[in-house]
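K.L.:
What shape does this take:
(chains A and B)
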Amino acid sequence: MVEKTPFLDSFTYIFLMVGILIVGFPMIYSLIAATLSLEEVSRVPMPLIPGDQFLVNMTEAWTRGNLGSQIFNSFIMATGITIGKITISIIGAFSIVYFDYRLRFLAFASVFCTLMLPVEVRIMPTYEVAANVLRPMQAVWDVLHLNGVVSWFTGNDFHMTLNWSLLDSYTGLILPLIASATCTFLFRQFFLTIPEELCEAAKMDGATPMTFFWKILLPLSTTNIAALIVIEFVYGYNQYLWPLLITTNPDMTTAVIGLQDLIPQADDLPEWNVALSGALLVMMPPILVVLSMQRWFVKGLIEKEK
Amino acid sequence: MIKRSTFKSSYLPYLLILPQIIVTLTFFYWPALQGLIQSFFLSDPFGRSNKFVWFYNYIEIFTDPLYLKSILITFTFSIAVASVSIALGLFIATMANRALKATALVRTLLIWPYAVAPAISGVLWLFLLHPSYGVVALALNSTLGLDWNPVLKGDHAMIMITIAAAWKQISYNFVFFMAGLQAVPKSLIEAAAIDGASPLKRFWAITFPLLSPTFFFLSVMNIVYSFFETFGVIHTVSQGGPGGSTNILVYKVYQDGFVGLNLGSSSAQSVVLMLLIVVITVLQFRYVEKKVQYTG
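P.N.:
Residues are numbered from 1 along each chain as shown, chains lettered A, B, ... in the order given. Model (predicted):
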């Protein structure tokens, strides 16, 4: 700092520690609760010295909540969303920035309009689409009276019904959530900062558009991709409403939703030690991803929202 | 907008944008259109009849005291979440920015709640604020003399979901304020210090005004967060209760649509939410333009 302020400095550190403690308190407290036995955890007030039941509680939560398969499902969902979003966004942005074609502006505008519109505001109709993804095509088919046309041509009675349900499937968990404009925007903004000369030079050397993409654009984008991997993984793993709606089969449930079964209700034994062990297990994967890729993540978060 | 140096190809650009367009059309435009159409129809829960009713569903929701109450609750909730989490995020970031030696460590210790799902944040606070076992609830009872019971008391339930939703958001705000603080020119601070301005005075006269874009941005993001992403918190902690006191708009769409099977009303509510988001987005973009001018 500019001048010596020993008084203020010591205050700074004290307040900072208080702040960190407030933020960390729920985690620390849950960690302690996860080490206690049922009898200890339901004592009022709960003892603050860790017990020796940590592994017992963790195993209990893992088996009772069927967390193994649920965390696996969450993992598939998060990975699918991450890869899907980044892939369609980066090639989409490449198309919008590096080509000049007639429908470019229309393509750009139609993607732009979906910015910030979360799945939560259009759940009912999106659910209906997921129940039968081919419904839009069916509607077009019906509007054009193609059944009648085909019947007239072939002379037979003809009916075509298109049906492909995404309910209770990984595709259904993943596909509707990769429709988002934010990643496309990030890549677009980034591509616009890349010097024109790179593209000129590549063209002069006779590179095709796809060579330019693979050899120049993709390597330059690695930092952005790394940041997006963290952000989208966390986003996908923590989804709540969408998996709640489209999974009814317990084997397809994701961890964040499955966790609710471990929470003691009014008439149950107050097994908070098991519930919190489960909560700690379920929240670990995204926390580890964020902490291990912290540098890129912070950069990406700030870039993304610019 | 576009590079001056572009590639020529008749089919490649369409092929590259196609996946994005297909997904957007199928899972965004089509459902949005269906929702809009459905909001002008009245249908029975079994899908036997579907009657065109003009703006009946809209008139119905805007004259429904429960819906109006839900609007009020949503605004109260989002403003509370935004103020609590922004204030704490700013405070901690200011402190962390002064403690220059430990910045990396401090960031690690503060950043992880970002990765916690809102629903899990709900579980943690459900325990901490449990009327009979929760340590924070006991502290509230003994220090403030409250009879803490979020299961029965609406205002207590509201406080509970606010804490659970705001806690997770502190780290998000912290990251942005930290970046904003580090972008404040050192020379300005030093010049003010030479002129004899105290650290507090420097904060209010220099740092705070320079942070105003971050401030505005975070207000919008936090409000959007509490409008939509807090569904998980509500569903784990209070299910909209007691007596509808925590039934925010998004939760009401879900309850009326999926639980109550009132498709017309639920669609009309979705359309209102979409319009709301459009307004927020436009606001956000107008501000972005201003910011560009501001920083030169």
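
K.L.:
which other residues reach the helix or strand hosting B:T236?
P.N.:
Using DSSP states H and E, B:T236 sits within helix B:231-237. With Cβ atoms under 8 Å, 6 or more residues apart in numbering or on different chains as the contact definition, helix B:231-237 has outside contacts at A:120, A:238, A:240-241, A:244, A:256, A:260, A:263, B:117-119, B:121-123, B:125-126, B:150, B:157, B:160-161, B:164-165, B:240, B:246-248, B:250-251, B:254. All C-beta atoms are positioned from the backbone trio N, CA, C, and that covers glycine.

K.L.:
pLDDT on that helix, on average?
P.N.:
Averaged over helix B:231-237, pLDDT sits at 91.

K.L.:
So B:T246: helix, strand or coil?
P.N.:
Using DSSP: H, G, I helix; E, B strand; the rest coil, the structure places B:T246 in coil.

K.L.:
Show the contacting residues for it.
P.N.:
B:73, B:77, B:154, B:157-158, B:161, B:234, B:237-238, B:240.

K.L.:
Any idea how many residues pack against A:V143?
P.N.:
Number of residues near A:V143 (other Cβ atoms under 10 Å in any protein chain shown) recorded here: 8.

K.L.:
same check, this time on B:L90
P.N.:
B:L90: 24 neighbours (other Cβ under 10 Å).

K.L.:
what's the helix or strand hosting A:T184 packed up against?
P.N.:
Per DSSP H and E, A:T184 falls inside helix A:182-193. The contact analysis (3 or more Cβ pairs under 8 Å, 6 or more residues apart in numbering or on different chains; DSSP states H and E) places helix A:182-193 against helix A:67-98, helix A:222-237, helix A:294-304.

K.L.:
wait, does the shortest one contact chain B?
P.N.:
This means helix A:294-304. Yes: using Cβ under 8 Å from any Cβ of the partner chain, we find that helix A:294-304 touches chain B at A:294, A:297-298, A:301-302.

K.L.:
got the contacts of B:T246 as CSV, with distance to A:A226 and neighbour count columns?
P.N.:
Putting these into CSV (distance: Cβ to Cβ, whole Å; neighbours: other Cβ atoms under 10 Å in any protein chain shown) gives the following:
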residue, distance to A:A226, neighbour count
B:I73, 40, 22
B:F77, 35, 24
B:G154, 45, 16
B:A157, 40, 24
B:M158, 39, 18
B:I161, 34, 29
B:I234, 33, 26
B:V237, 34, 26
B:S238, 38, 24
B:G240, 39, 22
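
K.L.:
For those residues, work out which two are farthest apart.
P.N.:
Spatial extent of the contacts of B:T246 (Cβ to Cβ) is set by the pair B:I73 and B:V237 at 14.0 Å.

K.L.:
Quick one: neighbours of residue 39, just the number.
P.N.:
I'll assume chain A. 9.

K.L.:
my bad, the chain I had in mind was chain B
P.N.:
23.

K.L.:
Confirm for me that it is in contact with B:N57.
P.N.:
Yes: with contact defined as Cβ atoms under 8 Å, B:S39 and B:N57 form a contacting pair (5.4 Å).

K.L.:
Mind listing the shared neighbours of the two?
P.N.:
Common neighbours of B:S39 and B:N57, using Cβ under 8 Å, 6+ apart, are B:264, B:267-268.

K.L.:
Now render these as a markdown table, adding pLDDT.
P.N.:
What follows is these, written out as a markdown table (pLDDT from 0 to 100):
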| residue | pLDDT |
| --- | --- |
| B:G264 | 81 |
| B:S267 | 85 |
| B:A268 | 88 |
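
K.L.:
Name only those of those residues that count as buried.
P.N.:
Using 16 or more other Cβ atoms under 10 Å in any protein chain shown as the burial test, these include B:264, B:267-268 as buried.

K.L.:
So is the helix or strand following the helix holding B:T236 next to chain A?
P.N.:
Sequence-wise, the next helix or strand downstream of helix B:231-237 (DSSP H and E) is helix B:249-254. Yes: using Cβ under 8 Å from any Cβ, helix B:249-254 reaches chain A at B:250, B:253-254.

K.L.:
So which elements touch helix B:249-254?
P.N.:
On a contact count with 3+ Cβ pairs under 8 Å, 6+ apart, helix B:249-254 meets helix A:123-131, helix B:65-98, helix B:231-237, helix B:263-294.

K.L.:
where does the chain have low pLDDT?
P.N.:
Picking chain A for this. Scanning chain A for pLDDT under 70 picks out A:1-3, A:116, A:155, A:158-160, A:303-306.

K.L.:
please go with chain B instead
P.N.:
For chain B, the ranges with pLDDT under 70 are B:1-4, B:44-49, B:99-100, B:287-296.

K.L.:
Go again with 80.
P.N.:
B:1-6, B:9-10, B:42-53, B:98-104, B:144-146, B:241, B:260-263, B:281-296 (pLDDT under 80).

K.L.:
Any idea which residue is closest to the centre of it?
P.N.:
Closest residue to the average C-alpha location of chain B: B:Y225 at 1.5 Å, with Cα atoms, centre = their mean.

K.L.:
Tell me what angle the strand or helix carrying A:Y13 forms with helix B:65-98.
P.N.:
Secondary structure from DSSP H and E places A:Y13 in helix A:6-33. Put simply, helix A:6-33 runs at 120 degrees to helix B:65-98, going by axes from the mean of the first three to the mean of the last three Cα atoms, to 10 degrees.

K.L.:
Check which helices and strands helix A:6-33 sits against.
P.N.:
Checked by 3+ Cβ pairs under 8 Å, 6+ apart, helix A:6-33 has helix A:272-292, helix B:65-98, helix B:103-111, helix B:118-128, helix B:154-182 packed alongside it.

K.L.:
that older thread, let me have the helices and strands packed on helix A:182-193 in CSV, extended by mean neighbour count.
P.N.:
Shown next, in CSV, are the helices and strands packed on helix A:182-193 (neighbours: other Cβ atoms under 10 Å in any protein chain shown):
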stretch, mean neighbour count
helix A:67-98, 21
helix A:222-237, 21
helix A:294-304, 18
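
K.L.:
for the ones you listed, which one sits closest to B:T26?
P.N.:
helix A:67-98 (12.5 Å).

K.L.:
Do the closest one and chain B come into contact?
P.N.:
Yes: using Cβ under 8 Å from any Cβ, we find that helix A:67-98 touches chain B at A:87-89, A:91-92, A:94-98.

K.L.:
now do stretch A:162-179
P.N.:
Yes: against chain B, stretch A:162-179 shows contacts by Cβ under 8 Å from any Cβ at A:175-176, A:178-179.

K.L.:
C-terminal to the helix or strand containing A:V150, what's the next element?
P.N.:
Element membership for A:V150 (DSSP H and E) is helix A:146-154. Reading on from helix A:146-154 to the C-terminus, the next helix or strand found by DSSP H and E is helix A:170-174.

K.L.:
With only the CA atoms kept, save that next one in CSV.
P.N.:
Extracted C-alpha coordinates of helix A:170-174, given in CSV (Å, rounded to 0.1, in the frame of the first residue of the first chain):
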residue,chain,number,x,y,z
TYR,A,170,-28.4,-39.3,-21.6
THR,A,171,-29.2,-37.6,-24.9
GLY,A,172,-32.3,-36.0,-23.2
LEU,A,173,-30.2,-34.8,-20.3
ILE,A,174,-27.6,-33.3,-22.6
